[in-house]
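>>> Coordinates for the following, if possible.
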Amino acid sequence: MKKLITYFLVVALLAFVAGCGSSPTNNQPAKDLSIKIGGSSTLAPVVAKLADDYTEKYKTWKKVKDSFSDEPIAIFVATGGSGFGVKSATNGTVDIGLVSRVVTEAEKQKLPNHKLYTVGYDALTIAVHPQNPVAKVKPNLTKDEVKHIFSGEIKTWKQLDAALPDRPIVLAIRDLGGGASQAFDEAVMKGTPVAKEAIQFPSMGALAGKVQENVDAVGYVSTGLVQQNKGKIAVLSVDGVEPTNENIVSGKYTIARPLILIAKAQPDERQQEFINYLLSDTGLKTLEDMGFVPAKNK
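Numbers count the residues shown, from 1 in each chain. Below is the predicted model:
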């Protein structure tokens with residue numbers, strides 16, 4: 001598929017920001033008309049897809065709105081975690097921060113000139129390899145069992161259930177900068193530390209990849225990633241509740257989190273047009289198609 005938007009890692013985005021406006025015209029820096037977005041690795045692929053669609057549809061800003069100039073649309077999307085999304089929105093490194101967790105009151109106090117948009121909701125599923133026998137032997141775990149597994153109290157599958165193999169459980173978690181780690185702690189761990197042996201991953205995609213490649217791995221994988229990798233990840237129920245859209249919307253499945261955009265309260269016109277697109281029926285439909293629950297359904 002033709003890609004008109006470059007999907008950068010954080011380093012690339014920061015390099016871009018450092019170089020913006022470095023080519024002067026008549027001794028004046030060129031005005032930067034690009035939109036820079038960064039943060040949650042869960043939400044970034046959705047926004048990157050919509051940025052691609054937006055650019056392919058309009059090509060130049062003038063086709064978005066006739067009063068705009070005729071420059072090509074340039075929208076840059078970076079991952080880096082929800083913490084990066086909040087911090088970068090706060091210090092102005094990005095125009096729109098992406099967050100997949102609750103924004104704390106302390107963080108909000110540093111964003112007095114910004115607005116938060118909840119675009120949808122995601123559930124953290126307890127995910128295993130499809131060939132892991134736990135999916136058939138014990139497809140439902142209590143929240144306490146999940147806590148004991150991730151704290152390292154339950155170290156082998158056999159300790160979880162005598163019918164399971166006596167093999168070590170491989171724990172896959174997000175790094176502490178990710179929104180998933182905070183959401184999982186609040187919903188399940190309640191302050192109990194995760195086992196030191198747990199493998200930390202810099203993105204939800206990398207975490208999901210570990211579950212797909214290791215038959216003994218278990219991780220808290222975004223429902224969006226589960227939907228995008230159907231057949232490659234098995235999901236366990238928690239306290240008898242499956243992480244379906246219906247159960248997420250109703251609140252029955254409690255290991256869930258909001259998906260949030262942080263933008264200036266008074267963004268420039270180009271930024272506002274793209275924010276409107278993200279919040280439109282088209283934007284929310286793309287969010288839903290990628291496995292998440294749009295906010296309008298909550």
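>>> residues contacting residue 289?
If you count contacts by C-beta atoms under 8 Å, 6 or more residues apart in numbering, residue 289 has none. Where C-beta positions appear, they are placed from N, C-alpha and C, glycine not excepted.
>>> remind me, longest helix of this structure?
helix 44-58 (DSSP state H).
>>> Let me see the mean pLDDT of it.
Mean per-residue pLDDT for helix 44-58: 97.
>>> Return the set of buried residues in stretch 235-246.
Buried residues in stretch 235-246, counting neighbours by 16 or more other C-beta atoms under 10 Å, are found at 235-238, 241-245.
>>> Turn the residues you listed into TSV, including secondary structure and pLDDT.
Below are the buried residues of stretch 235-246 laid out as TSV (DSSP: H, G, I helix; E, B strand; the rest coil; pLDDT from 0 to 100):
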residue	secondary structure	pLDDT
235	strand	98
236	strand	98
237	strand	98
238	strand	98
241	strand	98
242	coil	96
243	coil	95
244	coil	92
245	helix	89
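>>> Serialize those to JSON lines and add fields for distance to residue 283.
Shown next, in JSON lines, are these (distance: C-beta to C-beta, whole Å):
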{"residue": "235", "distance to residue 283": "26"}
{"residue": "236", "distance to residue 283": "31"}
{"residue": "237", "distance to residue 283": "31"}
{"residue": "238", "distance to residue 283": "30"}
{"residue": "241", "distance to residue 283": "29"}
{"residue": "242", "distance to residue 283": "27"}
{"residue": "243", "distance to residue 283": "23"}
{"residue": "244", "distance to residue 283": "23"}
{"residue": "245", "distance to residue 283": "17"}
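>>> So which residues of the stretch 101-250 of the chain form strands?
114-128, 140-141, 170-174, 199-201, 217-222, 234-238 (DSSP state E, counting those that start in this stretch).
>>> other SSEs contacting the shortest one?
Think strand 140-141. Applying 3 or more C-beta pairs under 8 Å, 6 or more residues apart in numbering; DSSP states H and E, one finds that strand 140-141 contacts strand 234-238.
>>> so where's the stretch 151-298 of the chain uncertain?
Applying pLDDT under 70 to the stretch 151-298 of the chain flags the ranges 297-298.
>>> For it, just list every one of the helices.
Remark: helices assigned in the stretch 151-298 of the chain by DSSP state H, counting those that start in this stretch are 157-160, 179-184, 204-213, 223-228, 245-250, 269-279, 281-289.
>>> Other residues contacting the third one?
This means helix 204-213. Helix 204-213 is contacted by residues 41-42, 45, 127-129, 170, 172-174, 178, 180, 199, 201, 217-222, 225-226, 229, 232-233 when judged by C-beta under 8 Å, 6+ apart.
>>> Residue 74 reaches residue 33, doesn't it?
Yes: with contact defined as C-beta atoms under 8 Å, residue 74 reaches residue 33; the gap is 7.0 Å.
>>> among the strands of the stretch 101-250 of the chain, which is the most enclosed?
strand 217-222 (a mean of 27; mean count of other C-beta atoms under 10 Å).
>>> what angle separates that one from strand 234-238?
80 degrees (axes from the mean of the first three to the mean of the last three C-alpha atoms, to 10 degrees).
>>> tell me what strand 217-222 is packed against?
Strand 217-222 sits against strand 114-128, strand 170-174, helix 179-184, helix 204-213, with contacts defined as 3+ C-beta pairs under 8 Å, 6+ apart.
>>> export the ones you listed to TSV and tack on distance to residue 142?
Shown next, in TSV, are the helices and strands packed on strand 217-222 (distance: least, C-beta to C-beta, whole Å):
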stretch	distance to residue 142
strand 114-128	11
strand 170-174	18
helix 179-184	16
helix 204-213	20
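>>> can you tell which of the ones you listed is closest to residue 195?
Checking these against residue 195 by C-beta to C-beta gives strand 170-174 as the closest, at 5.9 Å.
>>> Okay, now the sheet partners of the closest one, with direction.
Strand 170-174 has its sheet partners listed here by DSSP bridges as strand 199-201 (parallel), strand 217-222 (parallel).
>>> okay, the angle between that strand and strand 114-128?
170 degrees.
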